[in-house]
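Undergrad: dropping a prediction and its sequence here:
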Amino acid sequence: MSWLALLLVPLALYLAYKLVGVAIKVVLAVVVVVALYWWAAPQMGWPTVSDLVYVFGPDFEGQRIEEVVDPSRLAKQATGRVVDGVVDEVMGRSDTARPEAEPLPPTETGVPASPEAEAVMAPEATD
């Protein structure tokens, strides 16, 4: 059985080498066709690559590719999903309820101040 493996391993390696070469040629051919279409479509009045991806591509909830990959939109979506979702999820899973905050007493100006701020503003008399 080992002599058969000695014949099949080099043959398999050779076929894999040929397959990789064919795969690279196919990928390059697709890139060339897309590049030519990208250049020629606007001049010929055909739909652009962006239009084709919008129609035939994945569903981006009615947004075009240019809108989806906008960095400011991506940042807003990420922060909205991560921060709000994590806090709500953690608080939902915790057994203890959120403590209710007690209102601070108003100061002479009518604006509530924190205890730390009151200590700084009115130091104790040391007589």
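TA: Sure thing, it's come through. What you see is a predicted model, and the numbers here were worked out from it, not measured in a lab. Numbering: from 1, shown residues only.

Undergrad: I'd like to know which elements the helix or strand where residue 29 lies is packed against.
TA: With elements delineated by DSSP states H and E, residue 29 resides in helix 2-44, which encompasses its position. In this structure, helix 2-44 makes packing contacts with helix 49-56, judged by 3 or more CB pairs under 8 Å, 6 or more residues apart in numbering; DSSP states H and E. In this view, the C-beta of every residue, glycine as well, is placed from N, C-alpha and C.

Undergrad: can you tell me the average pLDDT over the helix it packs on?
TA: Average pLDDT, helix 49-56: 78.

Undergrad: domain map for this structure?
TA: Here the chain is described, according to automatic domain parsing, as comprising the domains 11-46, 51-80.

Undergrad: for these, give me a markdown table that also has distance to residue 101.
TA: Rendered in a markdown table, the data for these read as follows (distance: least, CB to CB, whole Å):
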| stretch | distance to residue 101 |
| --- | --- |
| domain 11-46 | 57 |
| domain 51-80 | 25 |
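
Undergrad: and the ones you listed, which one averages the lowest pLDDT?
TA: Mean pLDDT, when computed for each of the domains of the chain, is lowest for domain 51-80, at a mean of 72.
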